[in-house]
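Asks: I'd like to go over a predicted model; first the sequence, then the structure.
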Amino acid sequence: MDLHWLKPLLGRPGPFITVLLDATRSDATGDAEVAGRWKSLRRELASAGASDPVLDLIEERVTRPDGVAGPHGRVVVADAEEIVVDRTVKEPPAQSSAVYDAVPALAPAVRAADQATTFVLVEIDRQGADLTWSDGTSARPEHEVVEGDHDVLHKIREGGGWSHRRMQTRAEDSWERNAETVAADLDRQVAERHPEIVLVTGDVRAVSLLREAVGQQVRELLFEVQGGSRADGVNRAAFEQRVSEALFAHRARRREGVVDRFRTAQGRGEAAVTSVEDLVTVLQRGQVSELLILDDLTLPGSALAERTLYVGPEPLQLAVRADDLTALGAPEGSARPMPADAAILRAALGQDAGLTLVPDGAADLVDGVGAILRWVDESTPNESVPSQSADQARLRDVV
């Protein structure tokens, strides 16, 4: 999971309001339902000390129709003055909740956003393509059209001779040039916008030509979805279901790939750590490429949320003990306690690490946390993979 959407929270002073809201509007009374859920949360936040001006800003935002059909949720994080994060998520929370605290409730926020996948959908024919860019929330996707400028688009099916063959060749050439136009635009935008997957659908020949014309970066992300078209008459509901299934399968592959990489690195005793203490060590040094957290530990009241770490002004200044922060450059007296889940996610954000939520039993994660590392040296904690689950907490060999 890409955590960049949370980056605006770094460096901001608290307190923060974090709202996880079921924003589903089931029928004509849907607006009133959402307003009712928010009203209950607002009372809780006001009682906790949140200011009316910020609550008014959030209310105006979350009660306004968002144009998203079907069940969905909303993640909103605000500081003392303004809304910093506002994200629509496809799955509504099991229960709407709100937290007013010195730090944002990051773990529930990333749990809510875990099902999102940034993607571009390319619906292509022999003239050009329609591109739909989405952050995976289905809210306000961006649409654009890329058209080729070659006009001999249809082969002649009757007749013969040299003239007939020339027209066939010109038609093929037009299709290829138009596919190249789409491919060039797609290559450029994918390099700039970094979608996780490129979905392509439409005319079979045009799809094939596009696949041949795109660069390596796009080709590695390309996944074909059957049943779509630029033309009218497509069963949109059935096609959108296939898109949803393709995105779900991509997320499953992504999660399995990360877990496999972690297991391999752990088995070799290199480039992977687990336990809160060892994770803190590598986070301090900016070594983390991918953070792994057991899915259940992102729930409110989890053991990770109840544990305390200490942080300084900078994201990578975190430690198990407050006294250790001065060695990391934190000013004297700047140490403050923070729930372990928020401190770990804050440090991961500070080094552009990814995040994978891991199902229970999928990996050996002491304390429910682990990391795949960018690099290792002699002072990096070295994990030994236990053969008995009871040995997990006892094995800690540091090179």
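Replies: Thanks, I have it.
Asks: alpha carbons only for contacts and neighbour counts from here, please
Replies: OK.
Asks: Ala32: how many residues sit nearby?
Replies: Burial measure for Ala32: 13 neighbouring residues, criterion other C-alpha atoms under 10 Å.
Asks: also Trp5?
Replies: 13.
Asks: residue contacts, it?
Replies: Contact analysis of Trp5 by C-alpha atoms under 8 Å, 6 or more residues apart in numbering lists Val85.
Asks: doesn't it belong to a helix?
Replies: Yes: remark: Trp5 belongs to a helix, assigned using DSSP: H, G, I helix; E, B strand; the rest coil.
Asks: relative to Leu221, how far out is it?
Replies: For Trp5, the distance to Leu221 equals 21 Å [C-alpha to C-alpha, to the nearest Å].
Asks: and for Lys39?
Replies: Taking C-alpha to C-alpha as the measure, Lys39 and Leu221 are separated by 43 Å.
Asks: again, but for Thr181
Replies: 19 Å.
Asks: these two: who's more crowded?
Replies: A direct count of neighbours by other C-alpha under 10 Å for Thr181 and Leu221 places Thr181 higher, at 21 against 14.
Asks: three-state assignment of the more buried one?
Replies: When the structure is reduced to helix, strand and coil (three-state DSSP), Thr181 reads as helix.
Asks: what's near enough to touch the nearest residue to it once chain neighbours are set aside?
Replies: Nearest-residue entry for Thr181: Gly148, 5.9 Å, with adjacent residues in sequence omitted and distances by C-alpha to C-alpha, 6 or more residues apart in numbering. Residues in contact with Gly148 (C-alpha under 8 Å, 6+ apart) are Gln127, Gly128, Arg177, Asn178, Ala179, Thr181, Val182.
Asks: which of the residues you listed has the most neighbours?
Replies: Ala179 (30 neighbours).
Asks: what is the helix or strand hosting Val34 packed up against?
Replies: Taking DSSP states H and E as the definition, one finds Val34 inside helix 30-48. Contact here means 3 or more C-alpha pairs under 8 Å, 6 or more residues apart in numbering; DSSP states H and E; on that basis helix 30-48 packs against strand 16-22, helix 52-63, strand 97-101.
Asks: quick check: buried residues in that helix?
Replies: By neighbour count, and taking 16 or more other C-alpha atoms under 10 Å as the criterion, the buried residues in helix 30-48 are Asp31, Glu33, Val34, Ala35, Arg37, Trp38, Leu41, Arg42, Glu44, Leu45.
Asks: need those in TSV (columns: distance to Glu290).
Replies: Supplementary listing: the buried residues of helix 30-48 in TSV, determined by distance: C-alpha to C-alpha, whole Å:
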residue	distance to Glu290
Asp31	39
Glu33	38
Val34	36
Ala35	38
Arg37	35
Trp38	34
Leu41	34
Arg42	35
Glu44	35
Leu45	34
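Asks: can you lay out those as CSV showing pLDDT and distance to Gln317?
Replies: Rendered in CSV, the data for those read as follows (pLDDT from 0 to 100; distance: C-alpha to C-alpha, whole Å):
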residue, pLDDT, distance to Gln317
Asp31, 80, 43
Glu33, 87, 43
Val34, 90, 39
Ala35, 90, 40
Arg37, 93, 38
Trp38, 95, 35
Leu41, 96, 33
Arg42, 96, 33
Glu44, 95, 32
Leu45, 96, 30
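Asks: just these now: which is nearest Val99?
Replies: The shortest distance between Val99 and any of the buried residues of helix 30-48, using C-alpha to C-alpha, involves Leu45 and amounts to 7.0 Å.
Asks: for the closest residue to the closest one other than its chain neighbours, what are its contacts?
Replies: Distance criterion C-alpha to C-alpha, 6+ apart; nearest residue to Leu45, sequence neighbours excluded, is Tyr100 at 6.2 Å. With contacts defined as C-alpha under 8 Å, 6+ apart, Tyr100 is in contact with Pro15, Phe16, Ile17, Thr18, Leu45, Ala48, Gly49, Ala50.
Asks: and the two most separated of those?
Replies: Taking C-alpha to C-alpha, the two most distant members of these are Thr18 and Gly49; they sit 13.4 Å apart.
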